[in-house]
Each structure stands twice: as structure tokens, then as C-alpha cells.
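1. I'll drop the sequence and a predicted model, then ask my questions.
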Amino acid sequence: MSNEYISIEELAEKRTPSELHSWVERKIKQIGSTENGLRALRLHEGRLVKKLKEEVHPLALFGFRKFGNTDKILLQPNIGNQSYDAVVTDLRNKPASQSYVEITLSHEGESDYLRNVVLDSQGYVFSHSPVHKTGTRRTGRQVSILAEAFEVGEIASKELKKIEGKNYPINTSLIIVFEDDFSFRRCIDDSYLDTFARKHILKLDLRFSALYLVGWHCVFREFSLGKSA
């Protein structure tokens, strides 16, 4: 259904960080300009829209924040079945070099999807309140998300806990993308993130050369793991 909004060729095009960032913003705005397109974005409907939202958009955020406005770095999303999500070509030195990145999103699985279902149906949703579901699509699914007060620190800790305990293939840098909304940023600073990463993530046998924590809004932290194939 949603594949009509985007082609494989434009999704897989090699771009500079600023080009990719601008293209993603325009494409999301274009797709979201119709009711069906907005629904496709919210629910990640269709293989290519899902790819755009879950891999290419995070790649654009990472590339723009790490490399800025340069034409010496090229980012190319991987649309195939290789064990990485994108190729980074570095033209700053000769010969040019390539590296790879794996992208993972911090999320709540089905609860995240159900929040977007509610958002799509009623136009708003409480981001951090618990999700209550009864029934199934076949029997008649009912979803309720009531407004509940949470300590800001509890919200932030909940977001951070989602990115623990993950392990990935060798030969790539790992990018973990997570929600860093206003509630999160009120009580979490770079020092807290660094401490959390050292305590809960860097101890894992990730087998990567670098780890990046990338917030949807502004957070960007880089950690060298010193591991490669």
C-alpha cells in the first residue's frame, strides 16, 4: 500500500550527510501530507516506509550530527540482506575507506505500535502511560492509554533501560536511537548518559568499533569500543 510513496532507487541512493538529512525531512513531509500517507508513517506500513522510518531516518540523524555539512562523507542505506544497515564512505583521505553501521531502535515492541494506532485514531496519545489491550484484531481489539502521572526521572530511566542487553554482528559501528523528548532531557545530561553507557552497555561483548547513542531530537554521544574484525 505505502510503497507508492517511495522507490527502492531513491531510498538506496548514496548521499552526503546534509543531502540525506534534507531528503529524509522532505520525504517524510511529502508522505505525511495525505491521510493515508500519515497513517503509513505512524504505523510503519509497507516495507519501504518501514525502512525509511526505522533505518534511513536514524541514519540521517546520525550522519548529520557526526559529520555535519561535508561532501567528503557519503551515506548509503542498505536495502539488501547484508548484516548491516548502511555503508559510510569516507573520502577525506586517500584511498577512500568504507565502514558499516547497524541501527537499532529503542522501543517497547507491541506497545509502541499500539500507541501509534491510538494516535492515528484519535489524533493524540500519552507517550509514557501504560498501554492496556484486550482482544485481538480478529476478535475485536480494544486499546486504552489513560493519562497517568510519572516521575520525570522514572520516564528517563525507562527509556534508557530499553537499550540494554543487545548484541550484534562484527565489523560495524552500532547506532542506538531512542526517544529524548522534553521529559527525558529535563533530568538526563551527557554525564548521566556516559555513566549509564559505561555501566550497562560498554560491558557487553558488542564486538563493534564504536557505539553511538542518538536521540530523535538532539542527543548524540559517541563511545569508542576499540573492537574490529
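-> Arrived safely, thanks for sending.
2. check contacts around Glu13.
-> Gln76 (C-beta atoms under 8 Å, 6 or more residues apart in numbering). C-beta here means a position set from N, CA and C on the backbone, and glycine is covered the same way.
3. that one in helix, strand or coil?
-> coil (DSSP: H, G, I helix; E, B strand; the rest coil).
4. distance of it from Glu4?
-> 18 Å (C-beta to C-beta, to the nearest Å).
5. now do Leu48
-> Distance from Leu48 to Glu4, by C-beta to C-beta: 9 Å.
6. equivalent analysis for Pro95, please.
-> Applying C-beta to C-beta to Pro95 and Glu4 gives a distance of 40 Å.
7. report the buried residues of the longest strand that the chain contains.
-> Taking DSSP state E as the criterion, the chain has its longest strand at strand 97-105. For strand 97-105, a neighbour-count test (16 or more other C-beta atoms under 10 Å) marks Ser99, Tyr100, Val101, Glu102, Ile103, Thr104, Leu105 as buried.
8. closest to Glu222 out of the residues you listed?
-> Val101 (12.3 Å; C-beta to C-beta).
9. the closest one is in contact with Leu59, isn't it?
-> Yes. With contact defined as C-beta atoms under 8 Å, Val101 counts as touching Leu59 (7.1 Å).
10. what touches both of the two?
-> Joint contacts of Val101 and Leu59 (C-beta under 8 Å, 6+ apart) are Asp85, Ala86, Ile175.
11. partner strands of the helix or strand where the last one lies, parallel or antiparallel?
-> Taking DSSP states H and E as the definition, Ile175 sits inside strand 173-178. If you go by DSSP bridges, strand 173-178 pairs up with strand 97-105 (parallel), strand 210-215 (parallel).
12. closest one to Asn81 among the ones you listed?
-> strand 97-105 (13.6 Å).
13. the longest helix in the protein is where?
-> The longest helix of the chain (DSSP state H) is helix 17-31.
14. and that helix, what's buried?
-> Buried, per 16+ other C-beta under 10 Å, within helix 17-31: Pro17, Ser18, Glu19, Leu20, His21, Trp23, Val24, Lys27, Ile28, Ile31.
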